[in-house]
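Q: Coordinates for the following, if possible.
(2 chains)
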Protein chains: 2
Amino acid sequence: MNIAVLGTGMVGQALAGRLDELGHSVVVGTRDPEATLARTEPDGMGNPAFSAWQADHQGVTLATFAEAAAGADLVVNATSGVVALDVLGLAGADNLAGKPLIDISNPLDFSNGFPPTLFVKDSDSLGEQIQRTFPATKVVKTLNTLTASLMVDPKSLGATSTIFVSGDDAEAKSTVVALLASFGHDDIIDLGALETARGTEMLLPVWLRLMGTLGTGNFNFKIVR
Amino acid sequence: MNIAVLGTGMVGQALAGRLDELGHSVVVGTRDPEATLARTEPDGMGNPAFSAWQADHQGVTLATFAEAAAGADLVVNATSGVVALDVLGLAGADNLAGKPLIDISNPLDFSNGFPPTLFVKDSDSLGEQIQRTFPATKVVKTLNTLTASLMVDPKSLGATSTIFVSGDDAEAKSTVVALLASFGHDDIIDLGALETARGTEMLLPVWLRLMGTLGTGNFNFKIVR
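A: Residues are numbered from 1 along each chain as shown, chains lettered A, B, ... in the order given. Okay, the predicted model is just below:
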């Protein structure tokens, strides 16, 4: 599949690398490719600069958000929640129309420090905001409830854990579920309509506190039943 | 231990029955004991009336909220979130002072139908509201993330799952953790200060949607790590 991954950070790198490894044709989208490639320092979290990462992933190309989305059959939103709508606007509604969009972003507001609060919640969600803004796109919310390395390699935890899927388009969800299964996810719960993303986005507050308590982000929710 | 369970519904019955079975002296608190005993019909969810339940649990006595709290070493808030502060006010700040309070309530607002929203969240929690209102009480938030039968018998799921604890008083938390262990909880995560109850109360939106998807409340979160 031709896949655009919007975002060059830890989540974008994890998704792009894994999708490339699985044989997909992957273009990473960024605001300004030259500026992205010019950065050589690790980010504030110690993650390698995109240029260093790309040296190990030469099959993955870099383009503007719009170029990446234009050539894609499926688009992954791997941006921070606070810029997600802006970035998708730059990708362009026409370039996103008719396509499944995997939305991994969370509506985290760090303006009052850590832990962040959510800038949309409970009676709405970021996934739904994106869907309303791009009505011709088929938004599927998933992968927003675990750390980047586990998104693409859940089996590295050594025990089965759960991934949630929310979306209004059954065919898009089924495409996304197949991708998730190819990553190694073997307990995929389809929560139903995109409205259910309210529930999974609201997992972030406990996720962040668990990360503090456990001293690692290397954990995941399992729904035992 | 002398334990007061405030609330005669499904959660109160589950806690009172299990604590009685474990040898504790249990008094259930209600607004008006005569009115509670006069009701003979099951509630709207099909749970037995308290009088029918009590016939099978004759070691458990019924009293007003204030009488129940006055005689207790430890108090359990098993009321609906929307009435929790009122009920605790009726129990009386003096009767609650110095005691551990297990707060199971969730801030669910059903006024706009199902699924409910949360009337406090994200930058505050119901557990913290209770703590601020009753500063001499040692609030421990726990058991609010699973269905009543699993609160008191988690092993019935057939696999280990996780229970969370939040509170500002270390000694009260340790008393509560011992009670949880006596129920069969064997993966107890102490998230830290009561502030972390913001995280566990915000699990309810996904819990409610999972109940819809799975067609049962008989499941629990496990933190796989």
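Q: what's the closest non-adjacent residue to A:Gly212?
A: B:Gly192 (7.2 Å; CB to CB, 6 or more residues apart in numbering or on different chains). C-beta: built from backbone N, CA, C; applies to glycine.
Q: how about the helices in chain A?
A: In chain A, the helices defined using DSSP state H lie at A:10-21, A:33-38, A:50-55, A:65-70, A:81-91, A:93-96, A:126-133, A:148-152, A:170-183, A:197-201, A:204-214.
Q: Now do the residue nearest to A:Gly212, the pLDDT please.
A: With respect to pLDDT, B:Gly192 has a value of 98.
Q: Okay, and the beta partners of it?
A: Beta-bridge pairing for B:Gly192 (DSSP bridges): B:Ser166.
Q: Columns distance to B:Ala16, mean neighbour count and mean pLDDT on top of the helices of chain A, output as CSV?
A: Putting those into CSV (distance: least, CB to CB, whole Å; neighbours: other CB atoms under 10 Å in any protein chain shown; pLDDT from 0 to 100) gives the following:
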stretch, distance to B:Ala16, mean neighbour count, mean pLDDT
helix A:10-21, 47, 22, 97
helix A:33-38, 61, 13, 95
helix A:50-55, 57, 17, 93
helix A:65-70, 58, 22, 98
helix A:81-91, 43, 20, 98
helix A:93-96, 55, 18, 98
helix A:126-133, 41, 22, 98
helix A:148-152, 40, 21, 98
helix A:170-183, 43, 17, 98
helix A:197-201, 30, 29, 98
helix A:204-214, 28, 20, 98
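Q: will you turn these into CSV that also has distance to B:Asp86?
A: Output for these, formatted as CSV (distance: least, CB to CB, whole Å):
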stretch, distance to B:Asp86
helix A:10-21, 45
helix A:33-38, 56
helix A:50-55, 55
helix A:65-70, 52
helix A:81-91, 37
helix A:93-96, 49
helix A:126-133, 34
helix A:148-152, 43
helix A:170-183, 43
helix A:197-201, 28
helix A:204-214, 26
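Q: Quick check: the residue nearest to A:Gly212 touching A:Leu210?
A: No - look at B:Gly192 against A:Leu210 with CB atoms under 8 Å: they stay out of range, at 10.2 Å.
Q: ok, and what's touching stretch A:147-154?
A: A:10-11, A:13-15, A:17-18, A:104, A:143, A:146, A:156-157, A:161, A:163, A:183-186, A:217-218, A:220 (CB atoms under 8 Å, 6 or more residues apart in numbering or on different chains).
Q: cool, and stretch A:56-68?
A: A:4-6, A:8, A:16-17, A:20, A:26-33, A:36-37, A:50, A:54, A:71, A:75, A:87-88, A:90-92, A:95.
Q: Do me a favour and get the end-to-end distance for stretch A:69-81?
A: 18 Å (CA to CA, to the nearest Å).
Q: check the contacts of stretch A:147-154 against chain B, which are close?
A: Residues of the contacts of stretch A:147-154 in contact with chain B (CB under 8 Å from any CB of the partner chain): A:Leu157, A:Ser161, A:Asn218, A:Asn220.
Q: how about those, which pair is most distant?
A: The span of those, defined through CB to CB, is set by A:Ser161 and A:Asn218 at 11.1 Å.
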